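A.B. asks: sequence and predicted structure below; questions after.
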Amino acid sequence: MDELSGAVSNVPEYTVSEISGAVKRTLEAGFGVAEVPITFRDRVHGTSKMSTGIVVEAMWRVTVWGLARPFRRRTTPRPAPPPPVG
């Protein structure tokens, strides 16, 4: 985080590819992902900064990853099966 030490703003800004990459790595590591809504109390009326192009890009990336997932090699070994009972 050294390159961010001089940042003036305390508001995080992430690109679609950074977020989607983080979600991909999280799922591949075996963790779950949940959506948590954010309430912006300051913005009662207004328009979203998200363009149609950004939404399409995000949907495209997730779709490609989902279709490629069954054909990808695992980066972590599968857990060993439990020993037989009895």
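C.D. replies: Arrived safely, thanks for sending. Residues are numbered from 1 along each chain as shown.
A.B. asks: sec struct for residue 70, please.
C.D. replies: Assigned by DSSP: H, G, I helix; E, B strand; the rest coil, the conformation of residue 70 is helix.
A.B. asks: relative to residue 27, how far out is it?
C.D. replies: Applying Cβ to Cβ, to the nearest Å, the value for residue 70 to residue 27 is 13 Å. Where you see a C-beta, it was placed from the backbone N, CA and C, and this is true even at glycine.
A.B. asks: who has more neighbours, the two?
C.D. replies: A direct count of neighbours by other Cβ atoms under 10 Å for residue 70 and residue 27 places residue 27 higher, at 14 against 6.
A.B. asks: wait, doesn't that one sit right on residue 33?
C.D. replies: Yes: using Cβ atoms under 8 Å, residue 27 is in contact with residue 33, at 6.3 Å.
A.B. asks: for the spatially most central residue of the chain, helix, strand, or coil?
C.D. replies: Taking Cα atoms, centre = their mean, the centroid of the chain lies closest to residue 23, which sits 2.4 Å from it. Under three-state DSSP, residue 23 falls in the helix class.
A.B. asks: what residues does it make contact with?
C.D. replies: Shown in contact with residue 23 (Cβ atoms under 8 Å, 6 or more residues apart in numbering): residue 33.
A.B. asks: what about residue 65, neighbour count?
C.D. replies: Residues lying near residue 65 (other Cβ under 10 Å) number 16.
A.B. asks: okay then, goodbye and thanks.
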